[in-house]
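Peer 1: I would like to see how this sequence folds:
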Amino acid sequence: MTIRVAALQQENERLQRELSQARSELEDFTYSVSHDLRASLRHVNAYVQIIREDLGDQGDAATVTHLDTVSHAARQMGRQIDGLMELSRLTQANLEPTTVDAGELVRDVCAALAPALAGRSVEWQVAPDFPALACDAALIRQALTHLLSNALKFTGPRPLAEIKVTWQAHASGQCAITVTDNGVGFNAQYKDKLFHAFQRLHSAREFEGIGMGLALTRKIVERHGGVVWASGAPDAGCSISFTLPLPRATNQG
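Peer 2: Residues are numbered from 1 along each chain as shown. Below you'll find the predicted structure:
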């Protein structure tokens, strides 16, 4: 028995060393992305500006268009770097789980998004009886913001956007939260691509963004031990679901 305990302790120490090394390597990567790549982007933007100033009013239309394309690409890369940095921070962030009123959290996020809805008709359908959840409130607020922002974005072409937020408790002690919209939907054949960084199922001309919201949501949910999935069809709306743990006292299906 003593030998077994000693072996388990050694294995635990080995895993802790590997985890520490992985974190150190991730910190090195994060530093490189944050400083080295941004420095290169600053140089690109600086030289584009220098060329603009050198050309003055003498630049032909084609050259100006090329410079605009370079500037746009640099801004897009800057946003992608920001997305990678956020994903890295989520990987390293310490969770601070508490008992959270999920309904209040959903309503707060809806209220925070309201200023962006000027001129739009949006019907929110939020379940009135959400249970409490055991989670990090700040991170789940972030995940809900990504999901509800996406629902608003992809219902943009609809005269009336209908967005539902529902839940279902399971005997496993998990609660599934689902955000459903009547937006443009997507081809279900590619649903697994949705939750990876920079994956987009619609062109940038149709909908802005860099394809990070669902990747960040997946990371947040997985940090809580949950899973996330999607269903939808072209021009027939979309549903995104994810699971979070119920407080132990209410883990009763």
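
Peer 1: so where do the helices sit in this structure?
Peer 2: Ranges of helices in the chain, per DSSP state H, are 2-32, 38-55, 61-92, 102-113, 137-154, 213-223.

Peer 1: just the pLDDT at Thr98, thanks.
Peer 2: For Thr98, the pLDDT comes out at 90.

Peer 1: which residue comes closest to it once chain neighbours are left out?
Peer 2: Once flanking residues are discounted, Thr98 sits nearest to Ala137: 6.3 Å by C-beta to C-beta, 6 or more residues apart in numbering. C-beta here means a position set from N, CA and C on the backbone, and glycine is covered the same way.

Peer 1: tell me which residues of stretch 146-160 come out buried.
Peer 2: 146-155, 158 (16 or more other C-beta atoms under 10 Å).

Peer 1: is it possible to get TSV of those that adds pLDDT and distance to Asn94?
Peer 2: Output for those, formatted as TSV (pLDDT from 0 to 100; distance: C-beta to C-beta, whole Å):
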residue	pLDDT	distance to Asn94
His146	90	20
Leu147	93	23
Leu148	94	25
Ser149	90	25
Asn150	89	27
Ala151	91	29
Leu152	90	31
Lys153	88	31
Phe154	87	33
Thr155	90	35
Arg158	91	40
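
Peer 1: for the stretch 1-150 of the chain, which spans come out with low pLDDT?
Peer 2: Applying pLDDT under 70 to the stretch 1-150 of the chain picks out residues 1-8, 11-35, 83, 87-88, 91-92.

Peer 1: let me know the average pLDDT across stretch 212-222.
Peer 2: 88.

Peer 1: likewise stretch 194-207?
Peer 2: Rounded mean pLDDT across stretch 194-207 is 66.

Peer 1: hang on, the earlier thing: from the buried residues of stretch 146-160, which single one is nearest Glu53?
Peer 2: Lys153 (36.5 Å; C-beta to C-beta).

Peer 1: my read is that the residue nearest to Thr98 contacts Thr99, right?
Peer 2: No - the criterion here is C-beta atoms under 8 Å, and Ala137 misses it with Thr99 at 9.4 Å.

Peer 1: which of the two has more residues huddled nearby?
Peer 2: Counted by other C-beta atoms under 10 Å, Ala137 and Thr99 do not tie: Ala137 has more neighbours, with 18 against 14.

Peer 1: wait, what's in contact with the residue nearest to Leu117 when sequence neighbours are not counted?
Peer 2: Closest residue to Leu117 apart from its sequence neighbours, by C-beta to C-beta, 6+ apart: Leu152 at 7.2 Å. By C-beta atoms under 8 Å, 6 or more residues apart in numbering, Leu152 lies in contact with 113, 116-117, 122, 161, 163.

Peer 1: re the thing from before, could I get the helices of the chain as CSV with distance to Asp129?
Peer 2: CSV is the format used below for those (distance: least, C-beta to C-beta, whole Å):
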stretch, distance to Asp129
helix 2-32, 40
helix 38-55, 46
helix 61-92, 30
helix 102-113, 7
helix 137-154, 17
helix 213-223, 22
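
Peer 1: show me the two of the buried residues of stretch 146-160 that sit farthest apart.
Peer 2: His146 and Arg158 (19.8 Å).

Peer 1: in the sheet, who's paired with Ala230?
Peer 2: Residues in a beta bridge with Ala230, per DSSP bridges, are Ile240.

Peer 1: what about stretch 158-174, how long is it end to end?
Peer 2: One end of stretch 158-174 to the other measures 33 Å (C-alpha to C-alpha, to the nearest Å).

Peer 1: can you get me a residue count around Gly225?
Peer 2: For Gly225, using other C-beta under 10 Å, the count is 13.
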